[in-house]
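Engineer: fold the following, please.
(chains A, B and C)
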Amino acid sequence: MSGPKLVSILRQGPHLIASIHTALDDTEMERFREDLVEQIGRHRSRGVVIDVAALDVLDSFGARTLRTIGEMARLRGAVTVIVGIQPDVAFAMVSLGMDTGTVATALDLEEGLAFLEGSGARRSGAGRIGAPAARAVPR
Amino acid sequence: MTDHEHHTAPAGTAPVSPEYLYERDDEHQLLPQLVAHLREHRTRLRQEWAGRIQQSGLLRAMTPQEMTVETTSVYDNYVEVLETGSVEALQRYARDLSERIIPRGVETHEVVGIVLLLRDVLARSLFEKYQLDFALLNRVLDAYEPAANRIAITVAGSFVDERERVIRQQQDSIRELSTPVLPVRERLLILPIIGVLHSERARQLTEQLLAGIRTHRAKVVVVDITGVPDVDEAVANHLVQTVDASRLMGASVIITGLSPEIAQTLVTIGVDLSKMDTIGDLQGGLEEAERLLGYTVTRDSGMASP
Amino acid sequence: MVRRVIAARVADAATVDDLVQETLVRVLAAAGRVEPGMLEPYAIVTARNVVTSQWRERDRHQRNQHRVVDLRPSAAVDEDLLAREERDAVAQALTRLSAQERDLLLAHEVSGRDTRSLAGELGSTAGAVAAQLNRTRARLRVEYLLSVEGVEPPTDRCRPVLLALSGGDRRRQREVDAGRHLLECGSCARLSQPLMERGQPREDEVRVRVESDADIVAARQAARELASRLGFSRTDLTLIATAVSEIARNIVRFAGSGEVLVELLEHPHQGVRVVARDTGPGIADVERALTDGYSTYDGLGLGLPGARRLMDEFAVVSEMGRGTTVTMTKWRTGR
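Structural biologist: Purely as a prediction, here's the structure:
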């Protein structure tokens, strides 16, 4: 990728921290997915935090791509947590009928990392954040 | 600006005044004369005015002492406007007075009423004083009336402005109160919803809750809908979307006080209630919230730890 | 009557501008086909006045913008081949007007008659005369462009569309579905450029060409930016942007190319309307495409039901083989 970095993927211990810095188009989003999944495999990561705080829109394609990342990461033995979904973005996502599927969500990077630390236990309490939604039905 | 010192000041020392009061030489001489007259008979005229107010049943919310203080101030301000032609001091005083009496239920017509009464009391005293010289009386009244009208407009205007400001302020605080997001303790928010939920209010509520989650870094939200009579399908749907959106932000939502009617509406629109965390009452909801936050196990950062 | 008035102005007009006079002579010499009498030379002056004054107007508004066609007269104009072509084009454009239209235009533009006195003469109202003049000017601009570009409109629909654009009449533009026609008709798309740049730049609409992934992002950002001027809440802005993202993606995936037009509405409430058009294959069963579960990431109609949930009003018109138009609106208040 040339120019200012659209995304960054950093290693922190057994985890990867992936941050999206700006609005991505579909092609860039797919490249991000490929890069991230490849790095999960290469580093044998146990957890992945995807920080989407900079996104002002998460449409069906964006949400779907995040879910796909989560599923592919799980196949490689890593837990994924999406952090930083903005209030208005969260509302637009559910209005659209999208969610993050089985992928966990947390408020921000700090919470996301805390979730990964605690997720080994994977028990009740805060570990259940991002449980499958009740799903609103279209009007 | 107080004029108590000047009560006995000789006429003719009035400062330079706006043209409207002194368009004619007449006024130049008459107004100072008039001011001197009103100062001379200050006590009697003020008492007469207060008596008329009482007779008319205005300002019943005030005690006799308050009445004395306020009527004296208004009277002095009134005379000062006649003297200087500047309504600024009167305006300030009227605002200040309005602020004090509006919460006590004083109405616009009362304020207009007392100012008109004062105008009337003073006009009568001028009538008495100059009744033998009809031509002079006419000129005195010509000088007095425009100034008196301007004073009445100033006072009434100040009162209405102040009243509107107070009403706006009250509306704002009611709006805030209608959807209070209460941080009960670290990471825990309560959203008690009371009253009828229509679409617009539901929308505001959602925006406030989601913003509140971010601001308070909430991990658990208890939404208590005990006080909501019933909801239509659109609002029920909105409620569910709010729960889902909160989850996307990493917060768990517990619904308490779900009435059978609302539960039915939720089922009708296809919501899987088993996937919503619902608990009978607020107390139970708070206990569950604390359990989720791990308070019963450890009181550290609220992280889930075994 | 009109002719008499004009005839009375001959001397004046001739002395006003030697340059114009020379132009007239040349046009007369070159154009045996023009209408009889003295009318035509003045018609040409009029036409030039009309066209160039329109351009001056545009010049004021868009001083720094690149001009597609520069019609301003210059000192060198008569030496120039382009200028001659322009003259011919004006002359030809005038022949396309009806005699009545021409007379009215000349009386107003050349003789300086005001709309009220013309209305009295015609037994009409000043407003109606002004409207008629506007329509005539619009036609003249269209005919001039067709002539100067040497284009014969390929379809019956071209002239009505160009006229609607030239007149700046948005209602009429919608009636003739001008946006769709411009997507379909290459020559009109080209001719429409100077017509649409004429007049005031529109501040309450934005048009985004959509044919690649990056355009999806551009379209939703443009929609958010425009809608934010109406004071929509952040949540509403995100709903609008997300809906635009969905329908713009539909265009890229299923039609290849199209456009997204975002416009601000004032009536009956403040709001924002998004019109997405494409020239794709069309949707066979719109009802089904709007049903949840039908749309998949591989199928036709992706995102339509989702986008519909985000907006207040939503309509899809699709014609097989011609394309799809999605119109959706979000109102700012009053809900």
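Engineer: B:Ala143 and B:Gln29 touch, don't they?
Structural biologist: No. Using C-beta atoms under 8 Å, B:Ala143 makes no contact with B:Gln29, being 9.1 Å away. In short, each C-beta sits where N, CA and C put it, glycine included.
Engineer: looking at these two, which one has more neighbours?
Structural biologist: B:Ala143 (24 against 15; other C-beta atoms under 10 Å in any protein chain shown).
Engineer: just the element for the more buried one, please.
Structural biologist: helix B:134-178 (DSSP states H and E).
Engineer: wait, does that helix contact chain C?
Structural biologist: No. Remark: helix B:134-178 sits outside contact range of chain C, by C-beta under 8 Å from any C-beta of the partner chain, the gap being at least 14.2 Å.
Engineer: how far does that helix sit from its chain's centre?
Structural biologist: Centroid separation between helix B:134-178 and its chain, computed with C-alpha atoms, centre = their mean, to the nearest Å, is 16 Å.
Engineer: for it, packing partners?
Structural biologist: Applying 3 or more C-beta pairs under 8 Å, 6 or more residues apart in numbering or on different chains; DSSP states H and E, one finds that helix B:134-178 contacts helix B:25-40, helix B:64-84, helix B:88-101, helix B:108-130.
Engineer: packing partners of the shortest one?
Structural biologist: It refers to helix B:88-101. Using 3+ C-beta pairs under 8 Å, 6+ apart, helix B:88-101 sits against helix B:64-84, helix B:134-178.
Engineer: could you say which helix or strand holds the closest residue to B:Arg203 other than its chain neighbours?
Structural biologist: Computed as C-beta to C-beta, 6 or more residues apart in numbering or on different chains, the closest residue to B:Arg203 that is not its neighbour in sequence is B:His238, at 7.1 Å. Assessed by DSSP H and E, B:His238 sits inside helix B:233-248.
Engineer: what are the buried residues along that helix?
Structural biologist: Applying a neighbour-count criterion of 16 or more other C-beta atoms under 10 Å in any protein chain shown, one finds B:235-248 buried in helix B:233-248.
Engineer: how about stretch C:138-154?
Structural biologist: Under 16+ other C-beta under 10 Å, the buried positions of stretch C:138-154 are C:Ala138, C:Arg139, C:Leu140, C:Arg141, C:Val142, C:Glu143, C:Tyr144, C:Leu145, C:Leu146, C:Ser147, C:Val148, C:Pro153.
Engineer: keeping just the C-alphas, turn that stretch into CSV.
Structural biologist: Presented in CSV, the C-alpha positions along stretch C:138-154 are these (Å, rounded to 0.1, in the frame of the first residue of the first chain):
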residue,chain,number,x,y,z
ALA,C,138,-33.9,27.9,-23.3
ARG,C,139,-34.8,26.6,-26.8
LEU,C,140,-32.4,29.0,-28.5
ARG,C,141,-29.6,27.7,-26.3
VAL,C,142,-30.3,24.2,-27.1
GLU,C,143,-30.7,24.8,-30.9
TYR,C,144,-27.5,26.8,-30.8
LEU,C,145,-25.6,24.0,-29.2
LEU,C,146,-26.9,21.4,-31.5
SER,C,147,-26.0,23.5,-34.4
VAL,C,148,-22.5,24.6,-33.3
GLU,C,149,-21.7,21.0,-32.4
GLY,C,150,-23.2,19.7,-35.6
VAL,C,151,-25.3,17.2,-33.8
GLU,C,152,-28.7,15.9,-34.9
PRO,C,153,-30.4,14.5,-31.8
PRO,C,154,-30.3,10.7,-32.1
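Engineer: could I get the contacting residues of whichever residue of chain B sits closest to chain A?
Structural biologist: Going by C-beta to the nearest C-beta, chain A is nearest to B:Leu210 of chain B, at 3.4 Å. Going by C-beta atoms under 8 Å, 6 or more residues apart in numbering or on different chains, B:Leu210 touches A:Pro87, A:Asp88, A:Ala90, A:Phe91, B:Thr242, B:Ala245, B:Ser246, B:Met249.
Engineer: and those, which is closest to C:Ser245?
Structural biologist: A:Asp88 (13.9 Å; C-beta to C-beta).
Engineer: quick one: that closest one is in a helix?
Structural biologist: Yes. The assignment for A:Asp88 is a helix, going by DSSP: H, G, I helix; E, B strand; the rest coil.
Engineer: is it true that it touches C:Arg234?
Structural biologist: Yes. In this structure, A:Asp88 is within contact of C:Arg234 by C-beta under 8 Å, at 4.9 Å.
Engineer: okay, the two: which has more neighbours?
Structural biologist: Between A:Asp88 and C:Arg234, A:Asp88 has the larger neighbour count (other C-beta under 10 Å), namely 23 against 17.
Engineer: buried sites along the lengthiest helix in chain A?
Structural biologist: Taking DSSP state H as the criterion, chain A has its longest helix at helix A:26-43. Residues of helix A:26-43 classed as buried by neighbour count (16+ other C-beta under 10 Å): A:Asp26, A:Glu28, A:Met29, A:Phe32, A:Arg33, A:Leu36, A:Val37, A:Gln39, A:Ile40.
Engineer: check stretch B:183-199 too.
Structural biologist: Buried, per 16+ other C-beta under 10 Å, within stretch B:183-199: B:Arg187, B:Leu188, B:Leu189, B:Ile190, B:Leu191, B:Pro192, B:Ile193, B:Leu197.
Engineer: same thing with stretch C:131-139?
Structural biologist: Using 16+ other C-beta under 10 Å as the test for burial, stretch C:131-139 gives C:Gln132, C:Leu133, C:Thr136, C:Arg137, C:Ala138, C:Arg139.
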